[in-house]
Structures are given as structure tokens and as C-alpha cells.
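Participant: Starting from these lines, generate the structure:
(2 chains)
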Amino acid sequence: MRLEAHDLAFGYPEHPVGRNVSLSVQPGEVLCLLGPNGCGKTTLFKTLLGLLPAQGGHVELGGDALATLPRREIARRIAYVPQAQSGVFPYTALDLVLMGRTAHRGMFAGPKREDRSIARHALVDLGIGGLAERDVTRLSGGQRQLVIVARAIAQAAPLIVMDEPTASLDFGNQVVVLTEIKRLAELGAGIVLSTHDPDHAFAVAHRVALMRDGAIVASGVPSEVLTADRLKAVYGVQVTIERLTTGQTVCVPCMARR
Amino acid sequence: MGGRKPAGNSGAAMSEDDSGFTVAPWIMPTLVVAVVLAALIGLTAGAYPVTADGMMRALGKLLTGAAPQTPEERVLLSIRGPRVSAGLIVGAALAGAGVVYQGLFRNPLVSPDVLGVSAGAGLGAVVGIFLSLPVLAIQAFAFAGGLATVALVYAIAAAVQGRDPTLVLVLGGVVVGSLAGAAISLLKILADPYDQLPAITFWLLGSIASTRASDVWSALPAVVIGLVPLVLLRWRINVLSLGDEEARSLGVEAGRVRAVVIMAATLITASVVAISGVIGWVGLVIPHIARMLVGPNFERLLPAAMLMGAAYLVLVDTLARSLGRIEVPIGILTAVVGAPFFLWLLWRGRHGWS
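Facilitator: Numbering: from 1, shown residues only, chains lettered A, B, ... in the order given. Below you'll find the model as predicted:
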């Protein structure tokens, strides 16, 4: 299933955030959005998910206009991993993941046995099967983030939007999530994620879009888009981009010497 | 990319076939037993002694519809029976509505009257008393007042665009509730101080002392009707408690489900407030205790809170009529019990939620 945005303007009627954004994601493709804080990544994501109405242009999910689809159908097509936030109620991790199954069940139904098995597998896939019965409000921010990623997996949508999925994770769990993103894409999911770390884009993205002030300033394959000059223009810091002997590409900031 | 690092304590070691619940299986049966015991205590406590034998005979009379003959039967069927049933229904309804509102508004300080149900119902009843209307009309006024207030709050929230709908609803409830409070104060000043004012005060304090069987039967259908959507939508109410945006991204029509759930909880609250007056704290404190026992999952939380609310109110009401020579209005007792408990919850910290 394809996600397409045509000439999208997003934000609020009295407070536009971005405009002229066009992008598309194919099955099996990972699109990574990079851009400084406040450039409109989260607002763009909410518009792609139909949580905010588009202020111009339109979004298509699998060829259907987003605005014409009921919420349940949208949730079956596209899953959302919001930025880490602490929950209010002490649900167990398993219950929270089970909520990802809501769109697959009827209006008046709760989760079935099959849903529990799917939810548990999603937790195990991320290596957090042991957290299933734990109270999510007592988990660390990183663990909770993994649980939310597991919920998106349980939602079993062909498209996934992840808003800074690695932001609150420790080094090891960042690798866990990036690996999972790669695996999901190999299974055919189309994934859009935002990150602040160019290394993550080099690691998992097929394509990168560089955002600034609500507009996409460059997009394409990571090695072409993420140049030292562009990153300096967008983030205002000098960086060095190196290709390692392992074939991976890394981006290292150059600290000013005093 | 390296291998996977387990973030949990025990990695992938777990069983596949369990139901996923860690709540002890004895909790629900225990709550049912507690309700039965509370009802028995409510039926037996009091100046007139009641025997088990008498209770069985009274039950027989109730089932066959025969008129009570002995004083014992009259005490059970006309005085204590309706009062205990009212306590059960009012307690269950307020606690159930409290669970719903707290989940919906994601706020521990929320109680069934957050949208002004109690204030509106209070105003309706006070108008009825002020006009010297019969009891049934006073109840109808209270019911209509409660529903009308919530409808007004909802209309205000719908008119205010571009802000967090939940916040607007709560603030709208505060504003409309305090307006209704001002109107009540005005009517109290205008009311006849020897006749109407005591009736108004007693009603606003809340009491099920003079509840008759007909009152119970008038409230019951509305409570049951209100419960139906809550039971049917139980899983969606869980999802809604994550907040609007997450709920919508998970496929829930948040606005529509919230409207239905608020209507249902309001119907339940208004119908019991109409027969009992304003009994505070039950809908605030009982949901907390229930959540401690069975967790936040609405599928278990709703029945648990309703059972606990029923048992609690019957016990407090029994206490209210046994404490002194005169009857203490139950609203005062629930506040005396509830307020310190709530402070303890705050004291204990840790979100104050579980």
C-alpha cells in the first residue's frame, strides 16, 4: 500500500506550519525525515494520519483519499508511533499493545485470544516479552517507547509512521528499534520516521527528506541528500561524513576547538 | 546492526496460552460477597430486631407481591428494603459513572459531577421544592436539570473550536456548575425559611432516608439503560483513556464514542441524583480503590467499582442512621470518609492513580 501526499499544506487555520510538501512511500520502503526542532515534522505526521485536517493538498492511502476514509479503515492501513509520553493509567504493557488490535475488532468487541497471541509476539519481537504484565507508567521512557512500537506492530498496518522512535532510547534499544524497522520493511511495510540522528537515516532509510521551516529542502537517497554542506545549512553545525570499512556511513560533528 | 538486546528482565521467557490477566481470581467473588453482606447488615441494623426467619418470610412476600402483615415484614419491605436497594443502586451508579468520567477525562480529580450534573440536578430539585411541587415532580425536575446542564456544557464545548475538547468540557462544566450554584443560592434566600429551606438543604446534602420502593423503581430503568452502552463500548473506553489523538490513530471515532459515553454516564448519574440528592465523594474515591484492586482495564474496573460503590454506600448509610439519635445526612458522612482518604492518596504520591 502506498502513502502519498500531494502538495500538502499543514498546521492550523490561524497558524500554518508547512506547505508544498509532496512525498510518497512504497511498500518495503523506509523514508526518513530529518530536520531541526520545530520544523514541523510532528504536525506533518499528524496530517498524514488524518489527526489534523490538511490545510491544502491531500493525502492518499492506497489510492483512496484520506479524508474519505473512516477512522477504523485508516487505522487498518496506517499505524502511528507517537513521541514518547508518560501514560496516565497503569495499564499493563500487554493491555497497551492489545489496544493496537482495536481496529481489527468490532465496535462492541474486546480483544480475542488471537489478539493476545499477536500482542505477545510483538513484544517478544522487540525483546521485551518479559515486560508484558508490567505497569507501563512504571517503565522507563525507553521501555515504554518499545511497547508503543510493539503496539504499532500488533496493529498490523501496511504503513507505519514513527515520530522520533529512537529519541528516548538507550544505545542498545536504539539498535533494537532500527533493526525492527529494517525487518518490518523487509516484510513489506512502508515506514516513515523522523529522527535527529543522521546515522539512523544512513542505517535504515532508503530515502531521506530534509525538512526546514515546514518545507522539504532536499530528498532522495541518503548518500546524496545528507551532505556535510546541507546538514550545516539546516542544523548550523559543521559535520564530517565518513564511510566506514564495514560499508556503513556515519556523521560526526566537528566540535569547535578553543 | 547487532543482535537483539532484551530490554525486559526475563527476555522472551513467557507462556503463550494464558489470558493475560494478573488480577487475582478471588477479587470479583469477594466483592459480590461484600455486597451481599453489606445488604444483610443494612437490613438487620436498626432499632427493630429482625430475624433470619422474618427475612425469608419478607422475601417471600416480596416475590409473591403479597402485602406485609407483621411489623417485622413492614420494617423490611417498606423501610429498610427500599433504603438498602436505593443505597445499592445509588452507590453502584455513582461509582460506575466516576470510573467512566475519570477515564474519559484522564484526570484523578474528576467525579460524576464534573460536567455539572449534580449542580444542574440540584438546581432542578431546588426549583421543584421552591414551587412546592410533589416529590415525583421534584425528581423529574432534578433529572431534567442534570441532563440539561450537561447538554449545555457539551454545546459550549462544541462551539469552542481549536482547543483540547476535553479541557473545554471540564472548564465548561466548572462555569455552568457554578452558575447553577449561584441560582441555587438565590433560591435559598427567596425560599420560605421554615418549610422550604430545610427541605432544600437536606436534599443538597444528599440522603436516601426517605426513599420509597417507587423511587427505586423509577431510577432503575434509566440506570440500566445507561449501563448498556458502557458495557458494549468497554474496550473503546480503554482506548479513549489514552487521549484523543492516540485513540483516533488506533481506529476509534473519539468524538462520537465520547459523546455516547458521556450521555450514558450522565443518564446514570442524573437518575440516581434525582432520588438521593447530591451525595459526593463516592464517585471520586471508589474508582480509585477499585483501580488499585483490579487495574485500569475498564472491562474489570467497571463491575468492580460498581460492586464496591454499592457495598460502600449501603454501609455508610447504615452508619448514618445508627451513629446518633438523629440521622446524619449521608453526604456529610461520605465526605468525612472520602476527604481524608483522598488526601492519603495524594500523600502517597506516585501519580495518585493506581
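Participant: which secondary structure element contains the residue lying closest to residue B:297 once chain neighbours are set aside?
Facilitator: In space, and not counting its chain neighbours, residue B:297 is closest to residue A:95: 5.7 Å by CB to CB, 6 or more residues apart in numbering or on different chains. All C-beta atoms are positioned from the backbone trio N, CA, C, and that covers glycine. Residue A:95 is part of helix A:93-98 when elements are defined by DSSP states H and E.
Participant: Is any residue of the following helix or strand past that helix near chain B?
Facilitator: Counting by DSSP H and E, the next helix or strand C-terminal to helix A:93-98 is helix A:113-125. Yes: shown here: helix A:113-125 in contact with chain B (CB under 8 Å from any CB of the partner chain) through A:116-117, A:119-120, A:124.
Participant: Strands of chain A, start to end?
Facilitator: A:3-12, A:15-25, A:30-34, A:56-61, A:64-65, A:78-81, A:159-162, A:190-195, A:207-212, A:215-220, A:239-243, A:249-253 (DSSP state E).
Participant: and the last one, which strands flank it?
Facilitator: To tie it back to what came earlier, the one meant is strand A:249-253. strand A:239-243 (antiparallel) (DSSP bridges).
Participant: do the fifth one as well
Facilitator: Taking DSSP bridges as the criterion, strand A:64-65 sits next to strand A:56-61 (antiparallel) in its sheet.
Participant: how distant is the partner strand from the center of its chain?
Facilitator: With CA atoms, centre = their mean, to the nearest Å as the basis, strand A:56-61 stands 18 Å off its chain's centre.
Participant: quick check: angle from it to strand A:15-25?
Facilitator: Interaxial angle, strand A:56-61 versus strand A:15-25 (axes from the mean of the first three to the mean of the last three CA atoms, to 10 degrees): 40 degrees.
Participant: on that earlier part again, what number of residues lie near the residue nearest to residue B:297?
Facilitator: As a burial measure, residue A:95 scores 23 neighbours (other CB atoms under 10 Å in any protein chain shown).
Participant: ok so, going back, which among the strands of chain A is found nearest to residue B:60?
Facilitator: The closest of the strands of chain A to residue B:60 is strand A:78-81. By CB to CB, the value is 59.6 Å.
Participant: Report the mean per-residue pLDDT for that closest one.
Facilitator: Averaged across strand A:78-81, the pLDDT comes to 97.
Participant: residue contacts, residue A:8?
Facilitator: Residue A:8 makes contacts with A:18-22, A:44, A:47, A:54, A:56-59, as judged by CB atoms under 8 Å, 6 or more residues apart in numbering or on different chains.
Participant: Run through the residues that contact residue A:227.
Facilitator: By CB under 8 Å, 6+ apart, residue A:227 lies in contact with residue A:241.
Participant: Number of residues surrounding residue B:221?
Facilitator: Counted by other CB under 10 Å, the residues lying close to residue B:221 total 10.
Participant: Could you measure from it over to residue B:143?
Facilitator: Between residue B:221 and residue B:143 the distance, using CB to CB, to the nearest Å, works out to 12 Å.
Participant: Need the pLDDT of the residue sitting nearest the centre point of chain A.
Facilitator: By CA atoms, centre = their mean, chain A has its centre lying nearest to residue A:162, at 1.4 Å. Note for residue A:162: predicted pLDDT of 97.
Participant: who does it bridge with?
Facilitator: Applying DSSP bridges, one finds that residue A:162 bridges with residue A:81, residue A:193.
Participant: can you pull the contacts of it?
Facilitator: Contacts of residue A:162 (CB under 8 Å, 6+ apart): A:80-81, A:149, A:152, A:181, A:191-194.
Participant: let's see 7 Å
Facilitator: A:81, A:191, A:193 (CB atoms under 7 Å, 6 or more residues apart in numbering or on different chains).
Participant: again, but for residue A:26
Facilitator: A:2, A:190.
Participant: What parts of the stretch 1-150 of chain A come near chain B?
Facilitator: A:12, A:49, A:51, A:71-72, A:75-76, A:80, A:82, A:88-91, A:94-95, A:99-100, A:102-103, A:108-110, A:116-117, A:120, A:124, A:127-133, A:135, A:137, A:143, A:146 (CB under 7 Å from any CB of the partner chain).
Participant: Fine, thanks again, bye for now.
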